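[1] sequence first, then the predicted structure, then my questions.
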Amino acid sequence: MTVGAQARIALAVARKDAMAELRGRSAISSTLFFAALVLLLFGFALGPDAAHLAQAAPGLLWLAIVFAGLLAVARLHQLETDDGALEQLALYPVARRAIYLGKALAGFGAMLVLGALLVPLMGLLYAVDLLAAWPGLVAAVLLGTLGFAAVGTFYAGVTVRLRAREVMLPLLVLPVIAPLLLAAVKATSAALSGDPFGELGAWLQLLAAFDIVMLIVGAGTYGFLLEE
Amino acid sequence: MTDLPFILAAYIVIVGGLALYSATLLRRLRRARDEAAHAALERGDESP
Amino acid sequence: MKIRILGIVALLTVAAATINALFVVPADLNQGDAQRIMYVHVPSAWLAYLSFGTTALAGIGWIWKRDRRFDHAALAAAEIGVMFTAFALWGGMMWGQPVWGTAWQWGDPRITTTALLLALYLGYLLLRRLTADPERRATRAAIVGLVAAVDIPIVHFSVEWWRGLHQTATFLAPDKVLNPAAPLPFVLTLLAMLGSFTIAWAYLMIRRYQLADAEWRGEEAARDASLAAARRRAVRPTISDAPSAPAGEVAR
(Lines give C-alpha, C1' and ligand atoms only; values in the text may rest on other atoms or scores of the structure.)
Protein backbone atom coordinates (compact mmCIF):
# COMPACT_ATOMS: atom_id res chain seq x y z
CA MET A 1 0.00 0.00 0.00
CA THR A 2 1.36 3.38 -0.89
CA VAL A 3 2.10 6.06 1.66
CA GLY A 4 -0.58 8.27 0.17
CA ALA A 5 -3.25 5.60 0.49
CA GLN A 6 -2.27 4.95 4.09
CA ALA A 7 -2.43 8.64 4.87
CA ARG A 8 -5.93 8.80 3.34
CA ILE A 9 -7.04 5.86 5.47
CA ALA A 10 -5.57 7.42 8.60
CA LEU A 11 -7.40 10.66 7.84
CA ALA A 12 -10.65 8.80 7.25
CA VAL A 13 -10.32 6.98 10.58
CA ALA A 14 -9.54 10.24 12.34
CA ARG A 15 -12.52 11.97 10.74
CA LYS A 16 -14.80 9.12 11.72
CA ASP A 17 -13.61 9.31 15.34
CA ALA A 18 -13.94 13.07 15.42
CA MET A 19 -17.49 12.86 14.10
CA ALA A 20 -18.48 10.23 16.63
CA GLU A 21 -16.96 12.39 19.32
CA LEU A 22 -18.70 15.57 18.21
CA ARG A 23 -22.10 13.94 17.90
CA GLY A 24 -21.88 12.76 21.49
CA ARG A 25 -21.44 16.36 22.54
CA SER A 26 -22.06 15.80 26.22
CA ALA A 27 -19.00 13.55 26.51
CA ILE A 28 -16.53 16.06 25.14
CA SER A 29 -17.89 18.93 27.18
CA SER A 30 -17.76 16.88 30.36
CA THR A 31 -14.10 16.07 29.73
CA LEU A 32 -13.34 19.75 29.23
CA PHE A 33 -15.29 20.61 32.35
CA PHE A 34 -13.32 18.01 34.29
CA ALA A 35 -10.01 19.45 33.10
CA ALA A 36 -11.03 22.99 34.06
CA LEU A 37 -12.13 21.74 37.44
CA VAL A 38 -8.76 20.11 38.02
CA LEU A 39 -7.01 23.42 37.32
CA LEU A 40 -9.37 25.19 39.67
CA LEU A 41 -8.85 22.67 42.46
CA PHE A 42 -5.07 22.88 42.13
CA GLY A 43 -5.53 26.55 42.94
CA PHE A 44 -7.35 25.64 46.13
CA ALA A 45 -4.73 23.05 46.98
CA LEU A 46 -1.71 25.31 46.44
CA GLY A 47 -3.08 28.87 46.74
CA PRO A 48 -3.67 31.61 47.65
CA ASP A 49 -0.09 32.85 47.18
CA ALA A 50 -0.15 34.08 43.57
CA ALA A 51 3.61 33.91 43.04
CA HIS A 52 3.68 30.33 44.27
CA LEU A 53 0.86 29.38 41.93
CA ALA A 54 2.42 31.10 38.93
CA GLN A 55 5.62 29.17 39.51
CA ALA A 56 3.80 25.85 39.73
CA ALA A 57 1.52 26.69 36.77
CA PRO A 58 3.34 24.66 34.06
CA GLY A 59 3.28 21.50 36.16
CA LEU A 60 -0.37 21.96 37.08
CA LEU A 61 -1.31 22.65 33.46
CA TRP A 62 0.31 19.42 32.26
CA LEU A 63 -1.15 17.31 35.02
CA ALA A 64 -4.60 18.59 34.10
CA ILE A 65 -3.92 17.82 30.42
CA VAL A 66 -2.73 14.31 31.32
CA PHE A 67 -5.69 13.48 33.56
CA ALA A 68 -8.29 14.76 31.15
CA GLY A 69 -6.38 13.27 28.21
CA LEU A 70 -6.62 9.80 29.77
CA LEU A 71 -10.40 10.16 29.71
CA ALA A 72 -10.37 11.41 26.13
CA VAL A 73 -8.24 8.63 24.60
CA ALA A 74 -10.09 5.96 26.57
CA ARG A 75 -13.40 7.12 25.16
CA LEU A 76 -12.17 7.16 21.58
CA HIS A 77 -11.71 3.40 21.86
CA GLN A 78 -14.63 2.82 24.15
CA LEU A 79 -17.17 4.24 21.70
CA GLU A 80 -16.14 1.62 19.18
CA THR A 81 -15.88 -1.50 21.30
CA ASP A 82 -19.28 -0.93 22.83
CA ASP A 83 -20.98 -1.58 19.50
CA GLY A 84 -18.37 -3.94 18.07
CA ALA A 85 -17.17 -1.43 15.49
CA LEU A 86 -13.51 -2.01 16.32
CA GLU A 87 -13.78 -5.62 15.17
CA GLN A 88 -15.27 -4.44 11.91
CA LEU A 89 -12.56 -1.85 11.52
CA ALA A 90 -10.00 -4.59 12.01
CA LEU A 91 -11.60 -6.58 9.19
CA TYR A 92 -10.99 -3.91 6.58
CA PRO A 93 -8.15 -4.88 4.26
CA VAL A 94 -6.03 -1.84 5.13
CA ALA A 95 -2.71 -1.43 6.85
CA ARG A 96 -3.09 -1.61 10.61
CA ARG A 97 -0.64 1.17 11.13
CA ALA A 98 -2.96 3.49 9.22
CA ILE A 99 -5.75 2.67 11.66
CA TYR A 100 -3.45 3.38 14.59
CA LEU A 101 -2.23 6.65 13.09
CA GLY A 102 -5.81 7.72 12.41
CA LYS A 103 -6.89 7.04 15.95
CA ALA A 104 -3.80 8.78 17.32
CA LEU A 105 -4.62 11.74 15.10
CA ALA A 106 -8.15 11.88 16.49
CA GLY A 107 -6.73 11.70 19.99
CA PHE A 108 -4.30 14.47 19.12
CA GLY A 109 -7.21 16.61 17.94
CA ALA A 110 -9.09 16.05 21.19
CA MET A 111 -5.95 16.88 23.16
CA LEU A 112 -5.50 20.10 21.18
CA VAL A 113 -9.01 21.21 22.06
CA LEU A 114 -8.14 20.47 25.65
CA GLY A 115 -4.93 22.49 25.41
CA ALA A 116 -6.70 25.39 23.73
CA LEU A 117 -9.04 25.58 26.70
CA LEU A 118 -6.58 24.92 29.50
CA VAL A 119 -3.71 27.21 28.48
CA PRO A 120 -5.77 30.44 28.52
CA LEU A 121 -7.48 29.25 31.67
CA MET A 122 -4.10 28.78 33.29
CA GLY A 123 -3.20 32.32 32.25
CA LEU A 124 -6.34 33.65 33.91
CA LEU A 125 -6.39 31.56 37.06
CA TYR A 126 -2.71 31.56 37.91
CA ALA A 127 -1.93 35.09 36.67
CA VAL A 128 0.60 33.97 34.07
CA ASP A 129 1.51 36.22 31.16
CA LEU A 130 0.89 34.17 28.02
CA LEU A 131 1.27 36.76 25.28
CA ALA A 132 5.03 37.13 25.42
CA ALA A 133 5.56 33.39 25.57
CA TRP A 134 3.21 32.17 22.88
CA PRO A 135 5.58 30.68 20.27
CA GLY A 136 7.33 28.41 22.77
CA LEU A 137 4.08 27.67 24.51
CA VAL A 138 2.32 26.61 21.31
CA ALA A 139 5.25 24.39 20.34
CA ALA A 140 5.31 22.73 23.77
CA VAL A 141 1.56 22.08 23.72
CA LEU A 142 1.65 20.71 20.16
CA LEU A 143 4.54 18.34 20.79
CA GLY A 144 3.43 17.34 24.26
CA THR A 145 -0.14 16.50 23.32
CA LEU A 146 1.00 14.64 20.21
CA GLY A 147 3.22 12.38 22.31
CA PHE A 148 0.46 11.84 24.83
CA ALA A 149 -2.00 10.93 22.08
CA ALA A 150 0.53 8.46 20.60
CA VAL A 151 1.05 6.65 23.91
CA GLY A 152 -2.53 6.99 25.11
CA THR A 153 -4.03 5.60 21.90
CA PHE A 154 -1.71 2.62 22.04
CA TYR A 155 -2.55 1.74 25.63
CA ALA A 156 -6.25 2.40 25.12
CA GLY A 157 -6.04 -0.32 22.46
CA VAL A 158 -4.28 -2.62 24.92
CA THR A 159 -6.77 -2.13 27.73
CA VAL A 160 -10.05 -1.59 25.88
CA ARG A 161 -11.21 -5.19 26.27
CA LEU A 162 -10.30 -5.47 29.94
CA ARG A 163 -12.94 -5.26 32.59
CA ALA A 164 -10.62 -3.19 34.80
CA ARG A 165 -9.72 -0.78 31.99
CA GLU A 166 -10.61 2.37 33.93
CA VAL A 167 -7.77 1.74 36.35
CA MET A 168 -5.42 -0.14 34.03
CA LEU A 169 -5.15 2.62 31.42
CA PRO A 170 -3.69 5.23 33.80
CA LEU A 171 -1.55 2.60 35.51
CA LEU A 172 0.11 1.70 32.23
CA VAL A 173 0.23 5.15 30.62
CA LEU A 174 1.47 7.29 33.50
CA PRO A 175 4.91 5.68 33.98
CA VAL A 176 5.53 5.65 30.24
CA ILE A 177 4.78 9.34 29.78
CA ALA A 178 6.94 10.42 32.72
CA PRO A 179 9.71 11.73 30.44
CA LEU A 180 7.12 13.51 28.30
CA LEU A 181 5.62 15.17 31.35
CA LEU A 182 9.05 16.25 32.53
CA ALA A 183 10.06 17.69 29.16
CA ALA A 184 6.70 19.36 28.52
CA VAL A 185 6.67 21.05 31.92
CA LYS A 186 10.26 22.18 31.49
CA ALA A 187 9.58 23.54 28.01
CA THR A 188 6.46 25.34 29.19
CA SER A 189 8.13 26.96 32.14
CA ALA A 190 11.11 27.91 29.99
CA ALA A 191 8.74 29.54 27.51
CA LEU A 192 6.85 31.37 30.25
CA SER A 193 9.96 32.69 31.93
CA GLY A 194 11.43 34.00 28.66
CA ASP A 195 13.93 31.14 28.41
CA PRO A 196 16.74 32.66 30.53
CA PHE A 197 18.94 29.56 30.29
CA GLY A 198 18.35 28.90 26.58
CA GLU A 199 17.00 25.42 27.26
CA LEU A 200 13.63 25.64 25.48
CA GLY A 201 14.96 24.25 22.21
CA ALA A 202 16.55 21.26 23.92
CA TRP A 203 13.33 20.29 25.70
CA LEU A 204 11.30 20.69 22.51
CA GLN A 205 13.76 18.41 20.75
CA LEU A 206 13.37 15.82 23.48
CA LEU A 207 9.58 16.04 23.12
CA ALA A 208 9.84 15.63 19.36
CA ALA A 209 12.12 12.60 19.77
CA PHE A 210 9.68 11.03 22.23
CA ASP A 211 6.79 11.64 19.82
CA ILE A 212 8.59 10.05 16.90
CA VAL A 213 9.74 7.00 18.85
CA MET A 214 6.31 6.35 20.34
CA LEU A 215 4.48 6.87 17.06
CA ILE A 216 6.80 4.40 15.34
CA VAL A 217 6.48 1.79 18.10
CA GLY A 218 2.72 2.27 18.28
CA ALA A 219 2.25 2.01 14.53
CA GLY A 220 4.44 -1.08 14.44
CA THR A 221 2.70 -3.00 17.21
CA TYR A 222 -0.93 -1.85 17.20
CA GLY A 223 -1.79 -4.36 14.50
CA PHE A 224 -1.08 -7.28 16.83
CA LEU A 225 -3.78 -5.98 19.15
CA LEU A 226 -6.38 -5.97 16.40
CA GLU A 227 -5.51 -9.52 15.39
CA GLU A 228 -6.69 -10.89 18.72
CA MET B 1 28.84 3.23 63.24
CA THR B 2 25.77 5.36 62.57
CA ASP B 3 25.42 3.67 59.20
CA LEU B 4 24.77 0.28 60.74
CA PRO B 5 20.94 0.42 60.70
CA PHE B 6 20.96 1.26 56.99
CA ILE B 7 23.40 -1.51 56.15
CA LEU B 8 21.37 -4.01 58.12
CA ALA B 9 18.13 -2.83 56.55
CA ALA B 10 19.60 -3.16 53.05
CA TYR B 11 21.12 -6.61 53.55
CA ILE B 12 18.21 -8.09 55.46
CA VAL B 13 15.68 -6.98 52.85
CA ILE B 14 17.75 -7.89 49.80
CA VAL B 15 19.45 -11.14 50.82
CA GLY B 16 16.52 -12.17 52.97
CA GLY B 17 14.05 -11.27 50.25
CA LEU B 18 16.01 -13.34 47.76
CA ALA B 19 15.85 -16.36 50.05
CA LEU B 20 12.17 -15.82 50.78
CA TYR B 21 11.29 -15.51 47.09
CA SER B 22 13.24 -18.67 46.27
CA ALA B 23 11.47 -20.64 48.98
CA THR B 24 8.05 -19.37 47.92
CA LEU B 25 8.82 -20.09 44.29
CA LEU B 26 9.74 -23.70 45.03
CA ARG B 27 6.52 -24.17 46.97
CA ARG B 28 4.44 -22.62 44.17
CA LEU B 29 6.18 -24.86 41.66
CA ARG B 30 5.45 -28.00 43.64
CA ARG B 31 1.79 -27.09 44.00
CA ALA B 32 1.37 -26.11 40.34
CA ARG B 33 2.88 -29.42 39.25
CA ASP B 34 0.55 -31.32 41.53
CA GLU B 35 -2.42 -29.45 40.15
CA ALA B 36 -1.33 -29.96 36.56
CA ALA B 37 -0.91 -33.69 37.14
CA HIS B 38 -4.28 -33.85 38.83
CA ALA B 39 -6.03 -31.97 36.04
CA ALA B 40 -4.36 -34.15 33.42
CA LEU B 41 -5.58 -37.23 35.23
CA GLU B 42 -9.10 -35.85 35.28
CA ARG B 43 -8.94 -35.11 31.59
CA GLY B 44 -7.69 -38.63 30.90
CA ASP B 45 -10.60 -40.13 32.85
CA GLU B 46 -13.32 -38.01 31.40
CA SER B 47 -12.44 -37.57 27.77
CA PRO B 48 -14.86 -39.46 25.50
CA MET C 1 18.71 -32.80 39.31
CA LYS C 2 21.23 -30.56 37.61
CA ILE C 3 19.01 -27.60 38.41
CA ARG C 4 19.08 -28.53 42.07
CA ILE C 5 22.88 -28.45 41.96
CA LEU C 6 22.68 -24.97 40.41
CA GLY C 7 20.44 -23.94 43.29
CA ILE C 8 22.88 -25.23 45.88
CA VAL C 9 25.75 -23.43 44.13
CA ALA C 10 23.70 -20.23 44.12
CA LEU C 11 22.93 -20.54 47.81
CA LEU C 12 26.54 -21.18 48.78
CA THR C 13 28.07 -18.46 46.62
CA VAL C 14 25.53 -15.82 47.69
CA ALA C 15 26.17 -16.71 51.34
CA ALA C 16 29.94 -16.57 50.93
CA ALA C 17 29.88 -13.31 48.96
CA THR C 18 27.54 -11.73 51.52
CA ILE C 19 29.76 -12.69 54.44
CA ASN C 20 32.77 -11.34 52.58
CA ALA C 21 31.03 -8.05 51.76
CA LEU C 22 29.78 -7.53 55.30
CA PHE C 23 32.63 -8.73 57.47
CA VAL C 24 35.81 -9.33 55.51
CA VAL C 25 36.39 -6.48 53.08
CA PRO C 26 37.59 -3.22 54.75
CA ALA C 27 35.34 -0.15 54.88
CA ASP C 28 35.67 2.53 52.26
CA LEU C 29 37.80 5.51 53.28
CA ASN C 30 35.34 8.21 52.19
CA GLN C 31 31.94 6.65 52.59
CA GLY C 32 32.73 4.30 55.46
CA ASP C 33 30.65 1.22 55.98
CA ALA C 34 27.70 2.57 53.99
CA GLN C 35 29.71 1.61 50.94
CA ARG C 36 28.93 -2.02 51.73
CA ILE C 37 25.36 -1.42 50.58
CA MET C 38 26.68 -0.92 47.05
CA TYR C 39 27.70 -4.57 47.00
CA VAL C 40 24.04 -5.64 47.01
CA HIS C 41 22.61 -2.57 45.30
CA VAL C 42 24.69 -2.77 42.12
CA PRO C 43 24.04 -6.49 41.43
CA SER C 44 20.30 -5.95 42.02
CA ALA C 45 20.24 -3.11 39.50
CA TRP C 46 22.20 -5.15 36.96
CA LEU C 47 19.82 -8.08 37.26
CA ALA C 48 16.80 -5.80 37.01
CA TYR C 49 18.04 -4.53 33.65
CA LEU C 50 19.02 -8.04 32.52
CA SER C 51 15.52 -9.26 33.41
CA PHE C 52 13.68 -6.56 31.55
CA GLY C 53 15.91 -6.97 28.54
CA THR C 54 15.01 -10.66 28.63
CA THR C 55 11.31 -9.81 28.88
CA ALA C 56 11.48 -7.54 25.84
CA LEU C 57 13.45 -10.05 23.75
CA ALA C 58 11.21 -12.95 24.76
CA GLY C 59 8.19 -10.81 23.84
CA ILE C 60 9.64 -10.26 20.37
CA GLY C 61 10.23 -14.00 20.21
CA TRP C 62 6.58 -14.70 21.01
CA ILE C 63 5.30 -12.29 18.36
CA TRP C 64 7.66 -13.80 15.83
CA LYS C 65 7.32 -17.54 16.52
CA ARG C 66 4.10 -17.78 18.59
CA ASP C 67 5.81 -20.37 20.77
CA ARG C 68 4.49 -20.34 24.32
CA ARG C 69 7.95 -21.01 25.73
CA PHE C 70 8.88 -17.43 24.87
CA ASP C 71 5.93 -16.20 26.87
CA HIS C 72 6.93 -18.29 29.87
CA ALA C 73 10.42 -16.79 29.74
CA ALA C 74 8.98 -13.26 29.46
CA LEU C 75 6.77 -13.78 32.50
CA ALA C 76 9.60 -15.35 34.53
CA ALA C 77 11.96 -12.50 33.74
CA ALA C 78 9.36 -9.82 34.49
CA GLU C 79 8.45 -11.21 37.89
CA ILE C 80 12.07 -11.74 38.92
CA GLY C 81 12.96 -8.34 37.48
CA VAL C 82 10.31 -6.62 39.59
CA MET C 83 11.85 -8.22 42.66
CA PHE C 84 15.37 -7.09 41.79
CA THR C 85 14.12 -3.61 40.89
CA ALA C 86 12.55 -3.30 44.31
CA PHE C 87 15.83 -4.48 45.86
CA ALA C 88 17.85 -1.97 43.85
CA LEU C 89 15.51 0.84 44.85
CA TRP C 90 15.58 -0.13 48.49
CA GLY C 91 19.37 -0.51 48.52
CA GLY C 92 19.80 2.84 46.81
CA MET C 93 17.61 4.55 49.37
CA MET C 94 19.40 2.91 52.28
CA TRP C 95 22.70 4.04 50.78
CA GLY C 96 21.49 7.55 50.03
CA GLN C 97 20.24 8.27 53.53
CA PRO C 98 23.65 8.17 55.25
CA VAL C 99 25.75 9.31 52.27
CA TRP C 100 23.56 12.00 50.66
CA GLY C 101 21.61 12.78 53.79
CA THR C 102 18.39 11.94 51.95
CA ALA C 103 16.92 8.66 50.78
CA TRP C 104 15.47 10.21 47.64
CA GLN C 105 17.36 12.43 45.25
CA TRP C 106 15.12 13.70 42.46
CA GLY C 107 17.99 14.83 40.29
CA ASP C 108 19.64 11.41 40.30
CA PRO C 109 18.68 9.64 37.08
CA ARG C 110 19.37 6.19 38.48
CA ILE C 111 16.97 6.30 41.38
CA THR C 112 14.15 7.98 39.47
CA THR C 113 14.57 5.63 36.52
CA THR C 114 14.49 2.64 38.85
CA ALA C 115 11.27 3.85 40.43
CA LEU C 116 9.63 4.18 37.02
CA LEU C 117 11.01 0.77 36.04
CA LEU C 118 9.19 -0.72 39.01
CA ALA C 119 5.94 1.02 38.03
CA LEU C 120 6.25 -0.03 34.37
CA TYR C 121 6.71 -3.70 35.11
CA LEU C 122 4.22 -3.88 37.96
CA GLY C 123 1.73 -2.67 35.36
CA TYR C 124 3.01 -5.37 33.01
CA LEU C 125 2.40 -8.11 35.59
CA LEU C 126 -1.01 -6.70 36.48
CA LEU C 127 -2.03 -6.63 32.82
CA ARG C 128 -1.01 -10.28 32.49
CA ARG C 129 -3.04 -11.20 35.51
CA LEU C 130 -6.16 -9.49 34.17
CA THR C 131 -6.10 -11.18 30.77
CA ALA C 132 -7.56 -14.68 30.90
CA ASP C 133 -6.96 -15.95 27.37
CA PRO C 134 -3.35 -17.22 27.15
CA GLU C 135 -2.68 -16.12 23.58
CA ARG C 136 -4.09 -12.64 24.07
CA ARG C 137 -2.21 -12.37 27.32
CA ALA C 138 1.06 -13.25 25.63
CA THR C 139 0.53 -10.82 22.75
CA ARG C 140 -0.54 -7.90 24.91
CA ALA C 141 2.27 -8.53 27.36
CA ALA C 142 4.82 -8.78 24.56
CA ILE C 143 4.03 -5.40 23.07
CA VAL C 144 3.63 -3.68 26.43
CA GLY C 145 7.00 -5.08 27.48
CA LEU C 146 8.47 -3.79 24.26
CA VAL C 147 7.13 -0.25 24.76
CA ALA C 148 8.37 -0.26 28.35
CA ALA C 149 11.84 -1.29 27.21
CA VAL C 150 11.88 1.50 24.62
CA ASP C 151 10.75 3.99 27.24
CA ILE C 152 13.45 3.25 29.82
CA PRO C 153 16.39 4.91 28.00
CA ILE C 154 14.24 7.98 27.32
CA VAL C 155 13.40 8.24 31.01
CA HIS C 156 17.02 7.96 32.03
CA PHE C 157 18.12 10.45 29.43
CA SER C 158 15.46 13.00 30.32
CA VAL C 159 16.29 12.94 34.02
CA GLU C 160 19.95 13.33 33.20
CA TRP C 161 19.05 16.43 31.18
CA TRP C 162 16.84 17.66 33.93
CA ARG C 163 19.83 17.79 36.20
CA GLY C 164 22.30 18.91 33.58
CA LEU C 165 20.27 21.72 32.09
CA HIS C 166 18.73 23.10 35.21
CA GLN C 167 20.83 22.67 38.28
CA THR C 168 24.52 22.00 38.36
CA ALA C 169 25.49 18.58 39.62
CA THR C 170 26.97 19.01 43.05
CA PHE C 171 25.70 16.10 45.05
CA LEU C 172 26.77 13.16 42.97
CA ALA C 173 29.96 11.54 44.07
CA PRO C 174 31.08 9.10 41.39
CA ASP C 175 30.45 5.52 42.32
CA LYS C 176 33.53 4.40 44.15
CA VAL C 177 33.11 0.73 43.34
CA LEU C 178 32.47 1.26 39.67
CA ASN C 179 35.47 3.51 39.37
CA PRO C 180 38.35 1.72 37.62
CA ALA C 181 40.76 3.34 40.08
CA ALA C 182 39.02 1.71 43.06
CA PRO C 183 41.21 -0.52 45.22
CA LEU C 184 41.32 -4.16 44.20
CA PRO C 185 39.55 -5.71 47.25
CA PHE C 186 36.49 -3.53 46.59
CA VAL C 187 36.39 -4.49 42.95
CA LEU C 188 36.74 -8.19 43.73
CA THR C 189 34.01 -8.03 46.38
CA LEU C 190 31.65 -6.41 43.91
CA LEU C 191 32.53 -8.94 41.22
CA ALA C 192 31.90 -11.82 43.64
CA MET C 193 28.49 -10.38 44.48
CA LEU C 194 27.65 -9.80 40.84
CA GLY C 195 28.64 -13.37 40.00
CA SER C 196 26.77 -15.03 42.83
CA PHE C 197 23.62 -12.95 42.31
CA THR C 198 23.68 -13.78 38.62
CA ILE C 199 23.89 -17.50 39.40
CA ALA C 200 20.92 -17.10 41.72
CA TRP C 201 19.10 -15.23 38.95
CA ALA C 202 19.70 -18.04 36.49
CA TYR C 203 18.42 -20.59 38.99
CA LEU C 204 15.29 -18.55 39.75
CA MET C 205 14.67 -17.97 36.04
CA ILE C 206 14.66 -21.73 35.38
CA ARG C 207 12.37 -22.43 38.32
CA ARG C 208 9.97 -19.60 37.43
CA TYR C 209 9.90 -20.79 33.85
CA GLN C 210 9.00 -24.28 35.04
CA LEU C 211 6.25 -22.78 37.18
CA ALA C 212 4.82 -20.90 34.20
CA ASP C 213 4.93 -24.10 32.16
CA ALA C 214 3.20 -26.13 34.88
CA GLU C 215 0.52 -23.47 35.34
CA TRP C 216 -0.10 -23.38 31.62
CA ARG C 217 -0.47 -27.14 31.41
CA GLY C 218 -2.74 -27.10 34.43
CA GLU C 219 -4.92 -24.40 32.88
CA GLU C 220 -5.12 -26.25 29.61
CA ALA C 221 -5.95 -29.58 31.19
CA ALA C 222 -8.62 -28.07 33.39
CA ARG C 223 -10.15 -26.32 30.39
CA ASP C 224 -10.15 -29.49 28.35
CA ALA C 225 -11.67 -31.48 31.18
CA SER C 226 -14.56 -29.11 31.64
CA LEU C 227 -15.04 -28.90 27.88
CA ALA C 228 -15.12 -32.65 27.54
CA ALA C 229 -17.59 -32.96 30.39
CA ALA C 230 -19.84 -30.34 28.83
CA ARG C 231 -19.67 -31.98 25.44
CA ARG C 232 -20.53 -35.38 26.82
CA ARG C 233 -23.49 -33.97 28.64
CA ALA C 234 -24.70 -32.30 25.46
CA VAL C 235 -24.02 -35.20 23.15
CA ARG C 236 -25.02 -38.28 25.10
CA PRO C 237 -28.85 -38.22 24.67
CA THR C 238 -28.65 -38.25 20.88
CA ILE C 239 -26.23 -40.30 18.85
CA SER C 240 -23.90 -37.79 17.34
CA ASP C 241 -22.69 -38.40 13.86
CA ALA C 242 -20.81 -35.12 13.56
CA PRO C 243 -17.10 -35.45 14.27
CA SER C 244 -16.31 -33.81 17.58
CA ALA C 245 -13.66 -31.14 17.71
CA PRO C 246 -10.25 -32.21 18.96
CA ALA C 247 -9.85 -31.70 22.66
CA GLY C 248 -7.33 -28.91 22.46
CA GLU C 249 -9.50 -26.53 20.51
CA VAL C 250 -11.70 -24.15 22.35
CA ALA C 251 -14.24 -21.94 20.71
CA ARG C 252 -13.27 -18.35 21.20
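    Perfect, thanks for sending it.
[2] going by C-alpha atoms from here, please, whenever you check contacts or count neighbours.
    Will do.
[3] which strand or helix spans residue A:172?
    helix A:165-176 (DSSP states H and E).
[4] for the nearest residue to residue C:20 once chain neighbours are set aside, give me its contacts.
    Leaving out its chain neighbours, the residue that sits closest to residue C:20 by Cα to Cα, 6 or more residues apart in numbering or on different chains is residue C:189, at 7.1 Å. By Cα atoms under 8 Å, 6 or more residues apart in numbering or on different chains, the contact set of residue C:189 is C:17, C:20-21, C:25, C:39.
[5] separation between residue C:189 and residue C:10?
    Distance from residue C:189 to residue C:10, counting by Cα to Cα, to the nearest Å: 16 Å.
[6] I'd say residue C:53 and residue C:149 touch.
    Yes - using Cα atoms under 8 Å, residue C:53 is in contact with residue C:149, at 7.1 Å.
[7] on that earlier part again, mean confidence for the helix or strand that the helix holding residue A:172 is followed by?
    Downstream of helix A:165-176, the next assigned helix or strand under DSSP H and E is helix A:178-192. For helix A:178-192, mean pLDDT is 92.
[8] could you list the residues in contact with the lowest-mean-pLDDT helix or strand in chain A?
    Lowest by mean pLDDT, DSSP states H and E among the helices and strands of chain A is helix A:85-91, with a mean of 72. If you take Cα under 8 Å, 6+ apart as the criterion, helix A:85-91 is touched by A:77, A:80-81, A:96, A:226-227.
[9] what parts of chain B come near chain C?
    Neighbours of chain C within chain B, by Cα under 8 Å from any Cα of the partner chain: B:1, B:3-4, B:6-7, B:9-11, B:13-14, B:22, B:25-26, B:28-29, B:32-33, B:35-37, B:39-40, B:42-43, B:46-48.
[10] switch the cut-off to 7 Å
    B:3, B:6-7, B:10, B:14, B:22, B:25, B:29, B:32-33, B:35-36, B:39-40, B:42-43, B:46-47 (Cα under 7 Å from any Cα of the partner chain).
[11] just those: which are in strands?
    Assigned to strands by DSSP state E, none of the residues of chain B next to chain C qualify.
[12] check contacts around whichever residue of chain A sits closest to chain C.
    Closest approach of chain A to chain C (Cα to the nearest Cα) occurs at residue A:179, with a separation of 5.1 Å. Shown in contact with residue A:179 (Cα atoms under 7 Å, 6 or more residues apart in numbering or on different chains): C:154-155, C:158.
[13] repeat for residue B:10
    Contact partners of residue B:10, counting by Cα under 7 Å, 6+ apart, are C:37, C:90-91, C:94.
[14] quick check, nearest of those to chain A?
    Using Cα to the nearest Cα, the contacts of residue B:10 come closest to chain A at residue C:90, 18.9 Å.
[15] what helix or strand does that closest one sit in?
    helix C:68-100.
[16] now the residue in the stretch 101-250 of chain C that chain B sits nearest to: closest residue in space that isn't a chain neighbour?
    In the stretch 101-250 of chain C, the residue found nearest to chain B is residue C:218; the distance is 3.8 Å by Cα to the nearest Cα. Counting by Cα to Cα, 6+ apart, the nearest residue to residue C:218 once its immediate chain neighbours are dropped is residue B:36, at 3.8 Å.
[17] run a quick neighbour tally on that neighbour.
    21 (other Cα atoms under 10 Å in any protein chain shown).
[18] surely it is in contact with residue C:214?
    Yes - between residue B:36 and residue C:214 there is a contact at 6.2 Å, judged by Cα atoms under 7 Å.
[19] poorly predicted segments of the chain, please.
    By default, I'm working from chain A. A:1, A:24-26, A:83, A:228 (pLDDT under 70).
[20] wait, chain C was what I had in mind.
    Applying pLDDT under 70 to chain C flags the ranges C:29-30, C:164-182, C:235-252.
[21] again with chain B
    The model of chain B has pLDDT under 70 over residues B:1, B:44-48.
[22] tell me which element residue C:159 is part of?
    helix C:134-161.
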